[in-house]
Structures are given as structure tokens and as C-alpha cells.
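K.L.:
Got a sequence here, can you build the structure:
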Amino acid sequence: MAAAVVSSVFPFVSVSAEESQLGSEAKDGGPFLDNLYNTSNKLDTYSFHSTLQTYKDKKPKLNDGNVFFRKQHCIRIEVTEPGMKNGSIVVKQPDGIIKGQGGPKMFGFKMTINPDSRMLFTYNGFNILESDFASLYSHIKDLRSSGAKVFVSPTPVSTSCVGRADIMEIVKPESGVVERVYVNPQTKIPVEWDIFREGRLFSTLRISNFKDELTLSDDLFQL
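P.N.:
Below is the predicted model of the structure:
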């Protein structure tokens, strides 16, 4: 995929991982994180559009798709990024089996996929089967358990990228800010998720078109 295509999604911004946006008024984000995790676990069904841009090997790479989630961890990802994978689908079925189907350029080929297959990993190293919000927040809880600190803005902040949002930062003593999450104050859903590596912006995830309380039948999670 050409870098020009990827860059049109949202331009690269050079950000230092050392630069906190919260300042001296930052609060302990532990209770805030726990509330986000508990709130996301109460969602029975939902969908959203995911746009992930990863700045890897000095060349931006794009993962773009629609995500559908139902409790008992049924998940469906529809790939919408340009290129060979466009139109491809991955599902985790009610029986726990993972299936994939290629898009038109892959002739709709169907297959069973191992949970650890490289096919399931985004450019920034996350397994797409863990795209649900509880799994994403659980990732931060794991970082906290490993010694990282979590901070949050005392009140929602006006931002140029996502409007008003609560800002949560994950800080490692040796690295500074390693992740920054912008959360919708009303829905408690993340709207942007920035990851930093070696003092530079490594990836940006943007979540849009969130819908919950959907009727998602078994057929949606079958291939």
C-alpha cells in the first residue's frame, strides 16, 4: 500500500513520549481505568469502525475495518482498508473456532485460523480478536500490574483531534508516557489510542461510529 494513501487518513505527528498532556493537575487514574473496564464489560453487543495507523520502519501502515462484538466473545472484523485484504472477514464463532474469508481479490477463500496466527495481528502487534474494549482496557491493567502508573485529567479536556475527552496516560518510570487514551466522557468509549515507542509516536487508533444494544445473530459470526 502506498504511503500516500495511508497518510491521507490522518497525518503523522511527531510526539515525544516524554511530553505529558496532563501537567501537575493529573489524578491517579486507577479508579478511572477500573470504571472503564467495568463499564465495557456490561456491554452485551456493539459495533464500531476502527482506523489504526502504525508508524513502522519509517513508513505508515494502515489497518482499517468494522468490528462487531457480542458477549461470550463472539467477534467479527470486516476489513475495509485498500489493497488485497479489502473485503476480507475474520470471525470468532460461538463455538470458539476462528474462521477467515478472503475478499474479492483473494477469491473469497475460506479457512480455519489458529488463534496465534500472524494473520490476526495488526501492524502494531495487537491480536484483532482482542479488539473489544474490555480486552483493550485489560491490556492497560496488565501494564499497571507490571509497574506502570496510570493518570487521568481531572476533568474532560477540549482537544483538536477528538473534541472534549477525558485523557488517560500510562507512564513507565524509565520511558515516560507509553500510551495515551482519549475517552468519550459520556459513553466511556475510547475515541483515540496513541502508543509510543522509544520516545516517538508508534501508532494511533481512532474509533468512530460506535453503536451499542444491537441485535447480532449467530449468523453474523459464522463463515
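K.L.:
For residue 221, the count of nearby residues, please.
P.N.:
21 (other C-beta atoms under 10 Å). Yep, even glycine has a C-beta here, placed from its N, CA and C like the rest.
K.L.:
actually residue 69, sorry about that
P.N.:
The number of residues near residue 69, taken as other C-beta under 10 Å, comes to 26.
K.L.:
Just list whatever residues bridge to it.
P.N.:
Judged by DSSP bridges, the bridge partners of residue 69 are residue 46, residue 75.
K.L.:
and stretch 168-184, what's its mean pLDDT?
P.N.:
Averaged over stretch 168-184, pLDDT sits at 92.
K.L.:
List the contacts of that stretch.
P.N.:
The contact list for stretch 168-184 (C-beta atoms under 8 Å, 6 or more residues apart in numbering) reads 16-22, 26, 29, 32-33, 36, 140, 143-144, 147-153, 159, 161-162, 165-167, 189-197, 199.
K.L.:
Sort out for me which of those are in helices.
P.N.:
Using DSSP state H, 32-33, 36, 140, 143-144 are the members of the contacts of stretch 168-184 that sit in helices.
K.L.:
For ChimeraX, write the selection for the buried entries among these.
P.N.:
Applying 16 or more other C-beta atoms under 10 Å to the ones in helices among the contacts of stretch 168-184, the buried members can be selected in ChimeraX as follows:
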select :32,33,36,140,143
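K.L.:
buried sites along stretch 144-160?
P.N.:
For stretch 144-160, the neighbour count (16+ other C-beta under 10 Å) marks 148, 150-153, 156-157 as buried.
K.L.:
Can you tell me which of the residues you listed is closest to residue 113?
P.N.:
Distance to residue 113 across those (C-beta to C-beta) is lowest for residue 148, with 31.3 Å.
K.L.:
wait, what's in contact with the closest one?
P.N.:
Applying C-beta under 8 Å, 6+ apart to residue 148 gives the contacts 170-172, 178.
K.L.:
With residue 223 instead?
P.N.:
Each residue near residue 223 by C-beta under 8 Å, 6+ apart is listed here: 89, 91, 93, 99-101, 110.
K.L.:
Could you dump the ones in helices among the contacts of stretch 168-184 into TSV with pLDDT and distance to residue 106 added?
P.N.:
Shown next, in TSV, are those (pLDDT from 0 to 100; distance: C-beta to C-beta, whole Å):
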residue	pLDDT	distance to residue 106
32	96	42
33	96	39
36	95	36
140	95	34
143	95	36
144	95	40
